[in-house]
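[1] Got a predicted structure here, sequence first:
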Amino acid sequence: MDFELFTNILFATLRTGTPLILIALGEMVCEKSGVLNLGQEGMVLMGAALGFIAAVVTGHAGLGIIAAILAGMMMSVLFAFLAVTLVSNQVATGLALTIFGTGLSGFLGAGYVGMAIDGIAPFPIPLLSDIPFIGKVLFSHDPLVYLSWVMFALIFWCFRSTRLGLTIRAVGENPEAANAIGIPVMKVRYGAILFGGAMAGLAGAYLSLVYTPMWSEGMSAGRGWIALALVVFATWRPGRVLLGAYLFGSISILQLHAQALGIAVPSQIMSMLPYLATIVVLVLISRDQNKIKLNSPASIGKPFQPTS
């Protein structure tokens, strides 16, 4: 393989994996608190739509990012109110949120379909971006790629070394016991859900303001669902989330390069590869139920109502 082509593939893999990292890290924090939110796809689309609209209206991509984060958080507040406060079924509520977000984003963005903007430009890091090979692959990206690495480092440190991380894990393992020792379970879960919504909205902003700076209905292309599978694949560990996101990103990029090289495989088959890989991974993981039970938060998906 040509060295320049190999460099470009690695560079594109990091870009393609970025929205998956953001969504999956947010969902992992949410699930660590014992809440299963299947509404990621809807929150990503709302973030992408409102982030793009805000960027067009204000002419400032930074305000678009803020709007996208707020959109994701507003959607997550709706989910939290229904699933945590009203103790509705988390699976059904998450699915409803995805359907709602998909429809609402399409409605709000109808007048902006096909409209292109300049988007957020790459920001090569001085000196580091000039390093052969590594500079192009690691230090020539846009700010949101760097931000995804910062968020990964912060979440990794949080769950490894801080009281906050221990508190979130305690709530996810046994909310009754956590409540008995004075931990505000409801507040912790609300905070984790809001964080997950903010990360999903940020991923949406990346899609519509960086990756393909335009809006089209359903542009998330199932990334919210892939990220949900990625959390299980990573067994709720930040490091594995990062590696898994780039694995799925590489599959997406390789199928595009395979088509460009004229490999005699129908384009529909090549486009299926990332989703086929998701199914294969889930099948392989589901064969080891003991490992899943060992690593997953014990109270995930289970409602909690404080006694006092």
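    Happy to help now that I have it. Numbering: from 1, shown residues only.
[2] now Ile120, what's its secondary structure?
    Using DSSP: H, G, I helix; E, B strand; the rest coil, the structure places Ile120 in coil.
[3] Report whether Ile269 is found in a helix, as I expect.
    Yes. Assessed by three-state DSSP, Ile269 belongs to a helix.
[4] Tell me, what's the model's pLDDT at it?
    Per-residue confidence (pLDDT) for Ile269: 70.
[5] Let me know how buried it is, in neighbour terms.
    Ile269: 10 surrounding residues under other Cβ atoms under 10 Å. (C-beta placed from N, C-alpha, C; glycine too.)
[6] now swap in Phe133 and tell me
    By the criterion of other Cβ under 10 Å, Phe133 has 12 neighbours.
[7] pLDDT wise, what is it at?
    According to the prediction, Phe133 has pLDDT 90.
[8] backbone phi and psi for it, please?
    Here is the backbone geometry of Phe133 (degrees, to the nearest 10): phi 70, psi -60.
[9] For Leu10, see how far away it is.
    9 Å (Cβ to Cβ, to the nearest Å).
[10] now swap in Met151 and tell me
    Distance, Met151 to Leu10, by Cβ to Cβ: 21 Å.
[11] swap in Ile193?
    Taken as Cβ to Cβ, the span from Ile193 to Leu10 is 34 Å.
[12] The two: who's more crowded?
    More crowded of Ile193 and Leu10, by other Cβ under 10 Å: Ile193, with 27 against 17.
[13] Confirm for me that Gly196 is in contact with Lys32.
    No. Using Cβ atoms under 8 Å, Gly196 is not in contact with Lys32; the gap is 10.0 Å.
[14] More neighbours: those two, which one.
    For Gly196 versus Lys32, the count of surrounding residues by other Cβ under 10 Å is larger for Gly196: 30 against 25.
[15] and that one, what does it touch?
    Residues in contact with Gly196, defined by Cβ atoms under 8 Å, 6 or more residues apart in numbering, are 26-27, 29-30, 37, 40, 76.
[16] just the residues you listed now: which is nearest Val210?
    Top of the list for closeness to Val210, among these and by Cβ to Cβ, is Gly26 at 17.5 Å.
[17] Now do Gly62 against Gly119, distance only.
    Distance, Gly62 to Gly119, using Cβ to Cβ: 12 Å.
[18] higher neighbour count, the two?
    Each of Gly62 and Gly119 has its neighbours counted (other Cβ under 10 Å); Gly119 has more, 18 against 14.
[19] I'd like to know how far the nearest residue in space to that one that is not next to it in sequence sits from Gln305.
    The shortest distance from Gly119 to any non-neighbouring residue, by Cβ to Cβ, 6 or more residues apart in numbering, is to Pro213 (2.9 Å). Separation of Pro213 from Gln305 (Cβ to Cβ): 45 Å.
[20] what about those two, which has more around it?
    When neighbours are counted by other Cβ under 10 Å, Pro213 and Gln305 differ, and Pro213 comes out ahead with 19 against 12.
[21] show me what contacts that one?
    Counted by Cβ under 8 Å, 6+ apart, Pro213 has contacts 116-120.
[22] what are the phi and psi angles of it?
    phi -70, psi 70.
[23] Rebuild the contacts of Pro213 as a markdown table, extending it with distance to Val84.
    Below are these laid out as a markdown table (distance: Cβ to Cβ, whole Å):
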| residue | distance to Val84 |
| --- | --- |
| Ala116 | 39 |
| Ile117 | 37 |
| Asp118 | 40 |
| Gly119 | 36 |
| Ile120 | 34 |
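[24] Can you tell me which of the residues you listed are classed as buried?
    117, 119-120 (16 or more other Cβ atoms under 10 Å).
[25] The helix or strand encompassing Val188: what's the following helix or strand?
    For Val188, the element it lies in under DSSP states H and E is helix 185-206. Per DSSP H and E, the first helix or strand lying C-terminal to helix 185-206 is helix 223-233.
[26] I am finished for the moment; much appreciated.
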